[in-house]
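Peer 1: Give me the fold of what follows.
(one chain, ligands or ions: 2)
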Amino acid sequence: MRNEMKRVLLGNSGIEVTELCFGTLTMSCLQTDMPSAEGGRIIAHALELGVDFIDTAQAYRTYEHVAAAIKRRKNKPVIATKSHARTYEEMNKAVEQALEIMGLDRLDIFLFHLTRSEEDYLDRRGAIDCLLEYKQKGLIRALGLSTHTLEGLKPAFNHTEIEIVLACINSKGLGINDASLDQFLPALRKLHAQGKGVYAMKPLGGGHLFHDVAPSLNFVRRLDTVDVLAVGMKSVAEVEMNVCIFNDQPVPAQVQERAKQVSKQLKIYTHICQGCGSCVAHCDQGALSLQDEKVVVDQSKCILCGYCAEECPVFCIRVI
Ligand code: SF4
Ligand code: SF4
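Peer 2: Ligands and ions are numbered 1, 2, ... in the order given. The predicted structure is shown next:
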């Protein structure tokens, strides 16, 4: 498995990475909330197997996990991070925090986190100016944006400083909030043709395609619009399974078995739930109900099929 990973250039940015990127969202405070030492051990294992690209974010609070994985490495992996910061001061703090906690002299890729439209991007003027200054000083190599929407891709068309796009892409179109996959992919294709580096987030639909890992990952790998896939991992077994898949090697049965044992649960972000009831109507198991205009799950009835999540208009149900 070691050191055989395919390497690619992220568009015209000049940044070369492995096709498999270690996504740290799954071990973050937003999902499993893994201790940094444990997370660092899992990331370090991926680096040992040849993975050379890590995706993190200010909001994930996984800088300590990354730091634990890279501190003793002579050759640092490529690291992408992102921030929701809107003002100059907020973004300056975000960059300083990333550099300090991860113990880096410079950052490879810094993204504007979850852009929703051109207006939303322009509303971050102070943050844009801040990152442009860091780029000019050579302390950030490339800028970009991450988005879940077609509208959110627009700044990448309109602004040359956006060199890299992190977009939600999976075989079912899960998590793309304002378009179908058939509408989303042509826009990405145009950006890619313009030389933007494109990497995919949620290739396993936030966990909903975990029952079909290799076909789901290979679907995204074969898209001519995508350079790299950021895959969330939270166990050594998942790392080994994904490295095999990206090396086009068969996954050993015992690795598959261990990866399957990674516990999953249905998680509902009730603070986002709008109480529309759409998920309740689509749960054949009768596991969901509304109480005080918020959805609740009866875990004893839930079979983790993930069908309810596909129906949620605000993407607040996940199998993790
Ligand atoms: S994951 Fe499946 S069984 Fe569980 S609540 Fe959702 S639809 Fe129902
Ligand atoms: S579909 Fe989403 S927003 Fe609607 S009730 Fe279910 S969890 Fe809440």
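
Peer 1: Stretch 169-178 and ligand 2, any residue contact?
Peer 2: No: contact check for stretch 169-178 against ligand 2, using CB under 6 Å from any ligand atom: none in range, with a minimum separation of 12.3 Å. In short, each C-beta sits where N, CA and C put it, glycine included.

Peer 1: Check the average confidence over that stretch, would you?
Peer 2: The predicted model gives stretch 169-178 an average pLDDT of 86.

Peer 1: oh, and call the first residue 127 from now on, that's how I've got it
Peer 2: Understood, numbering begins at 127; the last thing we discussed is stretch 295-304.

Peer 1: Could you identify the helix or strand that succeeds the helix or strand harbouring residue 416?
Peer 2: Taking DSSP states H and E as the criterion, the element that holds residue 416 is strand 414-417. Scanning forward in sequence from strand 414-417 by DSSP H and E, the next helix or strand is strand 420-423.

Peer 1: which parts of whatever helix or strand comes next after that following strand are buried?
Peer 2: For strand 420-423, the following helix or strand on the C-terminal side (DSSP H and E) is helix 433-437. By 16 or more other CB atoms under 10 Å, the buried positions in helix 433-437 come out as 434-436.

Peer 1: try stretch 201-209
Peer 2: 202-209.

Peer 1: avg pLDDT for that stretch?
Peer 2: If you average the pLDDT values across stretch 201-209, you get 97.

Peer 1: where's it relative to the chain centroid, distance-wise?
Peer 2: 13 Å (CA atoms, centre = their mean, to the nearest Å).

Peer 1: Straight-line length of stretch 335-354, end to end?
Peer 2: End-to-end distance for stretch 335-354: 18 Å, by CA to CA, to the nearest Å.

Peer 1: which residues are contacting that stretch?
Peer 2: With CB atoms under 8 Å, 6 or more residues apart in numbering as the contact definition, stretch 335-354 has outside contacts at 134-137, 143-147, 179, 295-298, 300, 311, 314-315, 317-318, 323-326, 329-331, 355, 357, 367-368, 371-372, 377, 385, 390, 445.
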